[in-house]
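**Q** Build me a structure from this.
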Amino acid sequence: MRRYLRLLFACVILVFFSVLYVFNQLASSLETVNSWTESRADGGPPRYARKAAGREGHSGDRCKSMSVTHWNPYWRLAPDVCGKNCFMESARRYAVDKTLSGFSHVDRVEPVRLAVVACGPRLEETLTMLKSAVIFSQRALHFHIFAEDDLHSGFKDSLESWPVRFRSKYNYTIYPITFPSDNAKEWKKLFKPCASQRLFLPLILSDVDSLLYVDTDILFLQPVEEIWNFLTMFNSSHMAAMAPEHEEPRIAWYNRFARHPYYGKTGVNSGVMLMNMTRIRAKHFRNDMTPVNLRWVDLLMPLLQKYKLNITWGDQDLLNIIFHHNPEGLFVFPCHWNYRPDHCIYGSNCAAAERYGVYILHGNRGVYHDDKQPAFRAVYDAIQKYPFGEDPVSSLRHPLEEKLKTTTHTYCGRSSHIFTKKLWESITYIQKDNLNAR
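**A** Numbering: from 1, shown residues only. Model (predicted):
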């Protein structure tokens, strides 16, 4: 009799934990479906990703499941991520978050870290990029500015002169341009002056975990934190995120002309690059130079020596080679997060921008400063000339609308509604923010 009682007790325990497991898996599945639906609805990260990055309240949201690994130790998981058992931990995490609800939003949120490299006559262009980040963002920012020595005072004077209400949104650090001493000249002249500096950011900023690198010719048409939220969508292998170089293989560059390996079907563009630099520093990369996997610090110079006669776009080509051999490390976001003249010069070929609008504008090939693509220049001029704190409708939207009407003789000008769709939403938020500040 005692034996049967023990067997019955064991069966009850087994059934209890089985039901618990099924319930947990069902909840996780429902959450994944809901989050995917939300991301498809607006072209961006799902709602739980935005809450994780902003560390807002989690009322009504279950935390998502993620395994604890070398990359995701328990103490570094986002507040909506459960390290071991989602069902058991969600209540604990929610209780902790509620205790923090009395603190200000900025105090308990790590700033978005934005890096840029400026050399030569790039001061005003870089400041306009930083200005677009400041006026649209609602989250604290930290600018890591790498610049030639004669540009330092210009950056400092301008950033210190911006109005106090906007100045309080950001901090900044200015660094000199630095390359490994043995090959400094070779690195500095690769492609454009100083462009390859971005390859060394994980080594120079050794205490920074994650970073958003952008070229100087970038304009944010919505808050910077929206692309930063993609970090919460990285799996345990992802270490960087970029957009494809082209959407249409028939007019793409890499698959037609490249003399070196590249990522995917059409390569990737490194003008907007989100990085988990902790993972980059620790990763041992597969390569075609040695059967031994190499760390980032040991990989760059041999890679340049092997391919320097075969690369056209400098450091971007080296990144394509690296992620060709390590594709699991790259998270690819859609083209409207890095929208360039290539997406409209021969007719619109970025479907995501058609649907959602342009989120980040990339005016490469100098289009902000010539008349080849006047629609791009019109957006740049409008943001550059917009006075901080003024009514964005009369001082930004209306002048831009009038200017864009004169660009319809170009394919990009005929697609100007793509440029302004998200921008008008951002302007609405600025208008409300300005009214609240008065």
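**Q** Quick check: bridge partners of Tyr172?
**A** Beta-bridge partners for Tyr172, by DSSP bridges, are Phe143.
**Q** List the contacts of it.
**A** For Tyr172, the contact set (C-beta atoms under 8 Å, 6 or more residues apart in numbering) comprises 142-145, 155, 159. C-beta: built from backbone N, CA, C; applies to glycine.
**Q** now, among those residues, which is nearest to Ser132?
**A** Nearest to Ser132 among these is Phe143, at 12.4 Å by C-beta to C-beta.
**Q** How many neighbouring residues does Val116 have?
**A** Counted by other C-beta atoms under 10 Å, the residues lying close to Val116 total 24.
**Q** Check the secondary structure at it for me.
**A** Following DSSP: H, G, I helix; E, B strand; the rest coil, we place Val116 in the strand state.
**Q** Model confidence score at it, please.
**A** Note on Val116: pLDDT of 98.
**Q** Over to Phe103?
**A** Confidence score, pLDDT, at Phe103: 27.
**Q** helix or strand for Glu247, which one?
**A** For Glu247, there is no host helix or strand (DSSP states H and E).
**Q** Okay, it and Cys344: tell me how far apart.
**A** Distance of Glu247 to Cys344, computed by C-beta to C-beta, to the nearest Å: 11 Å.
**Q** What of Arg397?
**A** Note on Arg397: its distance to Cys344, by C-beta to C-beta, is 21 Å.
**Q** Have a look at these two and say which one is more surrounded.
**A** More crowded of Arg397 and Cys344, by other C-beta under 10 Å: Cys344, with 25 against 20.
**Q** I'd like to check which residues are in contact with that one.
**A** 350, 375, 411-412, 415, 418.
**Q** overlap in contacts of Glu247 and Cys344?
**A** In contact with both Glu247 and Cys344: Cys350, using C-beta under 8 Å, 6+ apart.
**Q** lowest average confidence, helix or strand, in this protein?
**A** Ranking every helix and strand in the chain by mean pLDDT, DSSP states H and E puts helix 86-99 at the bottom, with a mean of 30.
**Q** Next, Cys335: phi, psi?
**A** Geometry field for Cys335 lists phi and psi as phi -70, psi -20, criterion degrees, to the nearest 10.
**Q** Run a quick neighbour tally on it.
**A** 24.
**Q** Flag the shaky bits of the stretch 101-250 of the chain, pLDDT-wise.
**A** Along the stretch 101-250 of the chain, the model assigns pLDDT under 70 to residues 101-108, 191.
**Q** 80 instead, please
**A** Residues of the stretch 101-250 of the chain meeting the criterion pLDDT under 80: 101-109, 181-185, 188-193.
**Q** ranges for the strands of the chain?
**A** Per DSSP state E, the chain carries strands over the ranges 64-65, 81-82, 112-118, 141-147, 170-175, 210-214, 218-220, 240-244, 268-276, 284-285, 294-295, 330-332, 360-362.
**Q** any chance of those strands in TSV, plus distance to Thr406?
**A** Converted to TSV, these look like this (distance: least, C-beta to C-beta, whole Å):
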stretch	distance to Thr406
strand 64-65	48
strand 81-82	49
strand 112-118	30
strand 141-147	33
strand 170-175	34
strand 210-214	28
strand 218-220	19
strand 240-244	29
strand 268-276	27
strand 284-285	48
strand 294-295	52
strand 330-332	35
strand 360-362	18
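**Q** Figure out which of those strands is closest to Met233.
**A** Comparing those by C-beta to C-beta, strand 330-332 comes nearest, at 6.9 Å.
**Q** Looking at that closest one now, give me its mean pLDDT.
**A** 98.
**Q** Grab the two from the contacts of Tyr172 that are most spread out in space.
**A** By the measure C-beta to C-beta, His142 and Phe155 form the most distant pair in those, at 14.1 Å.
**Q** pretty sure Ile311 is touching Tyr262, no?
**A** No: using C-beta atoms under 8 Å, Ile311 is not in contact with Tyr262; the gap is 10.2 Å.
**Q** Now for those two: what residues contact both?
**A** Asp317.
**Q** in stretch 354-374, what's buried?
**A** Neighbour counts over stretch 354-374 (16 or more other C-beta atoms under 10 Å) mark 354, 356-365, 367-369, 373-374 as buried.
**Q** min pLDDT across the residues you listed, which one?
**A** In terms of pLDDT, the lowest of the buried residues of stretch 354-374 is Arg365, showing 90.
**Q** Excluding chain neighbours, give the residue nearest to that one in space.
**A** Pro341 (6.3 Å; C-beta to C-beta, 6 or more residues apart in numbering).
**Q** and if you look at Met129?
**A** Leaving out its chain neighbours, Met129 is closest to Ile218 (C-beta to C-beta, 6+ apart), at 5.1 Å.
**Q** Surely that neighbour is in contact with Ser270?
**A** No: between Ile218 and Ser270 there is no contact under C-beta under 8 Å: 11.6 Å.
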